[in-house]
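K.L.:
got a sequence here, can you build the structure:
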Amino acid sequence: MEKKLQIFISSTYTDLVEERQAVVEAILNAGHIPAGMELFKAGDQTQKEIIEEWIKESDVYLLILGARYGSIDPTLNISYTEWEYDLAGKLGIPRFSLVLTDDYVNEKVIAGELSIQNVDRTNEQFKSFRREVESHIVVFINHIETIKGAVLGSLNNIMKKRQDLKGWVRYSEIYDEQQYYKLAKENQDLKNQLLDSRIKLREQTKELKQGEDLLNIRVDYQVYEKVLRISEKTQKEYSQYMFKKGEYFEVEISINDILKNILPYLVQYDKQGVFKEDAVKQLEIFILEKAHILEYKIYSKDKSQYKADFTIPEIDRIITQLSLLGFIMFQQIKGNVSIAITDLGKEEIQKIYAYKR
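P.N.:
Modelled structure (predicted):
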């Protein structure tokens, strides 16, 4: 029986959102299970312990190394990313790394996807960490399109060399024939109950937009212009952003396209889920990219003179739609609302990424 490996994805986050998404999709396409804990804020010891447990339970450790060293653990004086990398090594977990080339990083800076202030090439700790990483299994990435092939090839090599990896095909007990048939009946009863619930859900949601149905999503934005003022008290000039105009536009996106973005993001956190505001941010970034919102259209080719704020009034309605369709669920964790993927949502990921005739 084919094993499904659990793969822990480690990286800095804000500078590698697209690369991380590409890795998640590649892992899912290969039939394995991605895991990641970047939503936990740095510095919380309890969260650090949880990350350690996730790494211990994973079969493979995958590092995406870009241009940032990342937040520093004050107790160890190294970044949390380096700590995760070292921990996987000490535990004997197979590691492989995707290292972005300097040319790729430069392209991201030129395209405005990465601030030059976030490039740590001269940071001695970053240089030392990169040398350590490059002394082991590494694939250099010069374009985002090469990530999926790199992930698939590296995983295949690891599985050939490490036949001892447990994965998610685990049997620890031997049952006698009577227990087997008892369990088989219970399993069939549960399947029947699940089928009944799916039929009821399909009936209840048949009037809802789903699949390739399009949502007409409105995006509001306000543009502010920088103006010079003279202080009455000091007679010195100072700058201030003043409201210039407010406009909106609409973009059509299918339910399936939304699911392709949000479900792979949520599956990394399984039943634990993510804070609602983080899921909202993920969807907002996706919707703006889908609408091809380019900065020069908003800033009149002079970003230093203008800034813009975007709001998507229907974002809560979109999330509620996904909940009504049964793909996500809301939870309460210590007074905060979180969103987690459902079993139906996991099945939908497989359907979306499956090769179809």
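K.L.:
mind checking how far residue 13 is from residue 71?
P.N.:
As judged by CB to CB, to the nearest Å, residue 13 and residue 71 stand 10 Å apart. Where C-beta positions appear, they are placed from N, C-alpha and C, glycine not excepted.
K.L.:
could you give the bridge partners of residue 97?
P.N.:
Beta-bridge pairing for residue 97 (DSSP bridges): residue 63, residue 138.
K.L.:
could we number from 20 for the rest of this?
P.N.:
Got it, the first residue is 20 from now on, which makes the last one we talked about residue 116.
K.L.:
ok, now which ones touch it?
P.N.:
Residue 116 sits next to 81, 82, 83, 84, 152, 153, 155, 156, 157, 158 when contact means CB atoms under 8 Å, 6 or more residues apart in numbering.
K.L.:
and the strands in the protein?
P.N.:
With strands called from DSSP state E, the chain shows them at 25-29, 52-54, 79-84, 91-92, 97-98, 114-119, 157-160, 233-249, 256-273, 293-294, 325-330, 347-352, 355-360.
K.L.:
what helices or strands is the fifth one leaning on?
P.N.:
Spelled out, that is strand 97-98. strand 91-92, helix 143-153 (3 or more CB pairs under 8 Å, 6 or more residues apart in numbering; DSSP states H and E).
K.L.:
give me the contact list for the last one.
P.N.:
It refers to helix 143-153. Identification of contacts with helix 143-153 by CB under 8 Å, 6+ apart yields 82, 84, 87-88, 97-98, 100-101, 104, 116, 118, 139-140.
K.L.:
quick check: residue 326 touching residue 260?
P.N.:
Yes: here residue 326 reaches residue 260: they are 6.1 Å apart, a contact under CB atoms under 8 Å.
K.L.:
what residues of stretch 87-97 count as buried?
P.N.:
Under the neighbour-count criterion of 16 or more other CB atoms under 10 Å, stretch 87-97 has 87, 88, 89, 91, 92, 97 buried.
K.L.:
may I ask which two of those residues are separated the most?
P.N.:
87 and 92 (15.0 Å; CB to CB).
K.L.:
pLDDT at residue 190, what is it?
P.N.:
For residue 190, the model assigns a pLDDT of 50.
K.L.:
to residue 341, which of the helices and strands packed on strand 97-98 lies closest?
P.N.:
Nearest to residue 341 among these is strand 91-92 (35.8 Å), distances taken as CB to CB.
K.L.:
quick check: neighbours shared by residue 326 and residue 260?
P.N.:
243, 245.
K.L.:
tell me how many other residues crowd the residue nearest to residue 36 when sequence neighbours are not counted.
P.N.:
Spatial nearest neighbour of residue 36, excluding adjacent residues (CB to CB, 6 or more residues apart in numbering): residue 304 at 7.3 Å. Residues lying near residue 304 (other CB atoms under 10 Å) number 13.
K.L.:
roughly how far apart are residue 304 and residue 132?
P.N.:
Residue 304 is 12 Å from residue 132, by CB to CB.
K.L.:
now do the buried residues in stretch 285-305.
P.N.:
So for stretch 285-305, counting by 16+ other CB under 10 Å, buried means 285-288, 292-293, 295, 297-299, 301-302, 305.
K.L.:
any idea how far apart the tips of that stretch sit?
P.N.:
One end of stretch 285-305 sits 14 Å from the other (CA to CA, to the nearest Å).
K.L.:
ok, now stretch 345-355?
P.N.:
One end of stretch 345-355 to the other measures 21 Å (CA to CA).
K.L.:
and if you look at stretch 284-304?
P.N.:
13 Å.
K.L.:
in JSON lines: the helices and strands packed on strand 97-98, plus distance to residue 68.
P.N.:
JSON lines is the format used below for those (distance: least, CB to CB, whole Å):
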{"stretch": "strand 91-92", "distance to residue 68": "13"}
{"stretch": "helix 143-153", "distance to residue 68": "23"}
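K.L.:
ok, how many other residues are close to the closest residue in space to residue 345 that isn't next to it in sequence?
P.N.:
Excluding the flanking residues, the one nearest residue 345 by CB to CB, 6+ apart is residue 363, at 4.6 Å. For residue 363, the count of nearby residues is 16 (other CB under 10 Å).
K.L.:
repeat for residue 174
P.N.:
As a burial measure, residue 174 scores 22 neighbours (other CB under 10 Å).
K.L.:
so who does the residue nearest to the spatial centre of the chain touch?
P.N.:
The centroid of the chain falls nearest to residue 284 when counting by CA atoms, centre = their mean (4.0 Å). Contacts for residue 284 were tallied using CB under 8 Å, 6+ apart; they are 40, 43, 293, 298, 301.
K.L.:
do the same with residue 342
P.N.:
348, 349.
K.L.:
let's see it at 10 Å
P.N.:
Contacts for residue 342 (CB atoms under 10 Å, 6 or more residues apart in numbering) come out as 348, 349, 358, 361.
K.L.:
taking these, please make a ChimeraX selection of just the buried ones.
P.N.:
Per 16+ other CB under 10 Å, the buried members of these correspond to this ChimeraX selection:
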select :348,358,361
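K.L.:
which single one of the contacts of residue 342 is nearest to residue 28?
P.N.:
Distance to residue 28 across those (CB to CB) is lowest for residue 358, with 19.4 Å.
K.L.:
now the closest one. Nearest residue, chain neighbours left out?
P.N.:
residue 298 (4.6 Å).
K.L.:
all set, thanks.
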